[in-house]
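*Asks:* Just need the structure, nothing else, for what follows:
(chains A and B)
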There are 2 protein chains.
Amino acid sequence: MRTAYHEQLADLNEQLADMCKLAGVAMERATQALLQADLELAEQVISDHEKISAMSARAEETAFVLLALQAPVAGDLRTIVSSLQIVADVDRMGALALHVAKIARRRHPQHALPEEVNGYFAEMGRVAVELGNSAEQALRTRDPERAAQIRDDDDAMDDLHRHLFTVLMDREWKHGVAAAVDVTLLGRFYERFADHAVEVARRVIFQVTGEFPEPETMHAH
Amino acid sequence: MRTAYHEQLADLNEQLADMCKLAGVAMERATQALLQADLELAEQVISDHEKISAMSARAEETAFVLLALQAPVAGDLRTIVSSLQIVADVDRMGALALHVAKIARRRHPQHALPEEVNGYFAEMGRVAVELGNSAEQALRTRDPERAAQIRDDDDAMDDLHRHLFTVLMDREWKHGVAAAVDVTLLGRFYERFADHAVEVARRVIFQVTGEFPEPETMHAH
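*Replies:* Alright, predicted model coming up:
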């Protein structure tokens, strides 16, 4: 009985890691769709989003069944409760990739981004994929030190986001208000994606060590 | 024993309702701070945010203790698991009010908003407070029909948000890109506040009826 239970717990963790992977892939494709004004890729991200939603529902149900049938206590209970919170974070990562894809689709056949900021978004997309991978690896390895390294990627995302705003606020911005609105929203989506990935890593650290890392070393917005 | 348990469950629900109330008050004050460029009020929202965070932590702990000590099953278990998810939604509502207050503070002594859009934000603030109240009342009354009415307020917020974007995208927008960036982010914060309030109401309906309302009748972004 105990073994089957721990297998279910491991299975739940695998589900969460698989969801992270899918969310990272979705953000990678959404970024490509945005940069290339690739409608087909945008549509793919949009239709694939159902998979992430279905996996969320399944992971929640797995957690629920574990709570109902096993009445776990102490550490195991904390792990399952954290898993429920991780599901919500990863689900949101998927939704943010979806939002990026929808802006790419809305502006097609135009590019949503002025060429001047393509480099920022290419880089933010790359960092987002790294963050998705790091969150996935944090879940798979359950290594708190490795999980804590995600803050480096988050710092990189914050820097990119800050620079992007400097470009936007510059008097030399020549792309008009409509493009500025898109760039603002898109920048926010990448930043939030990063925040949720960091939150996943923080919760893994909590699951393993019983303590949350200091807010100074890992923070969300 | 059973009575004490149901008292704890009722207490948890009260905590969530109190949090909703505080989040609504925070958004009301943040909106005033924004419209009046009132630094003192903005600072108050920012320092009061700790209270909402502390209440979140306390509500999570109450839910956790209920799970640990009572090993609830079926309906009670669903209620407690939903409560954990409601905590996350209300916590985020508080964070969004905080973001609004921070923009008001950053732009002080200037007004963050061009006068042209003040009316939209006054109205979005009013609707946000309504949404906070409706979520609070959904929790306190546990009346699913009343909870479902929150979608009317959410529709009102969506309309306001859509109109605001029409104003932004208009060629006649004369307030420059920096103001457009602020207005875009602020608009998003109000919209997300509404989404989370709707999510609270949806979860109350789920707690009471065991079923989520149809996505066509209640949806988040």
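*Asks:* Starting from A:Phe189, give me the distance back to the residue most central in space within chain A.
*Replies:* What sits nearest the mean C-alpha location of chain A, by C-alpha atoms, centre = their mean, is A:Met93, with 3.5 Å. According to C-beta to C-beta, to the nearest Å, A:Met93 and A:Phe189 sit 10 Å apart. In short, each C-beta sits where N, CA and C put it, glycine included.
*Asks:* hmm, back to that, might one say that the residue nearest to the centre of chain A is in contact with A:His196?
*Replies:* Yes: counting by C-beta atoms under 8 Å, A:Met93 does reach A:His196; the two are 4.9 Å apart.
*Asks:* follow-up on the earlier one: so what's the residue nearest to the centre of chain A up against?
*Replies:* Residues near A:Met93 by C-beta atoms under 8 Å, 6 or more residues apart in numbering or on different chains: A:20, A:23-24, A:27, A:132, A:193, A:196-197.
*Asks:* and what of A:Ala17?
*Replies:* A:136, A:139-140.
*Asks:* for the residue in chain A that chain B sits nearest to, what are its contacts?
*Replies:* Proximity of chain A to chain B (C-beta to the nearest C-beta) peaks at A:Ala71, 3.7 Å away. Residues near A:Ala71 by C-beta under 8 Å, 6+ apart: B:Ala71.
*Asks:* Can you check the pLDDT for it?
*Replies:* pLDDT, A:Ala71: 87.
*Asks:* Distance of it relative to A:Ala37?
*Replies:* Counting by C-beta to C-beta, the gap from A:Ala71 to A:Ala37 is 53 Å.
*Asks:* Pretty sure A:Ile103 sits against A:Leu34.
*Replies:* Yes: A:Ile103 is within contact range of A:Leu34, at 7.0 Å (criterion: C-beta under 8 Å).
*Asks:* joint contacts of the two?
*Replies:* A:112, A:186.
*Asks:* For A:Arg92, which residues are in contact?
*Replies:* Contacts of A:Arg92 (C-beta under 8 Å, 6+ apart): A:192, A:196.
*Asks:* list the buried ones in the helix or strand harbouring it?
*Replies:* Assessed by DSSP states H and E, A:Arg92 sits inside helix A:74-107. Buried residues in helix A:74-107, counted by 16 or more other C-beta atoms under 10 Å in any protein chain shown: A:76-105, A:107.
*Asks:* just the angle between that helix and helix B:74-107, please?
*Replies:* 60 degrees (axes from the mean of the first three to the mean of the last three C-alpha atoms, to 10 degrees).
*Asks:* And helix A:74-107, how far out from the chain middle?
*Replies:* Chain-centre distance of helix A:74-107: 6 Å, with C-alpha atoms, centre = their mean, to the nearest Å.
*Asks:* In contact with A:Gln85, which residues?
*Replies:* By C-beta under 8 Å, 6+ apart, the neighbours of A:Gln85 are A:203, B:84, B:88.
*Asks:* quick one: which of those residues is nearest to A:Gln15?
*Replies:* Using C-beta to C-beta, A:Arg203 is the member of those that lies nearest A:Gln15, at 14.7 Å.
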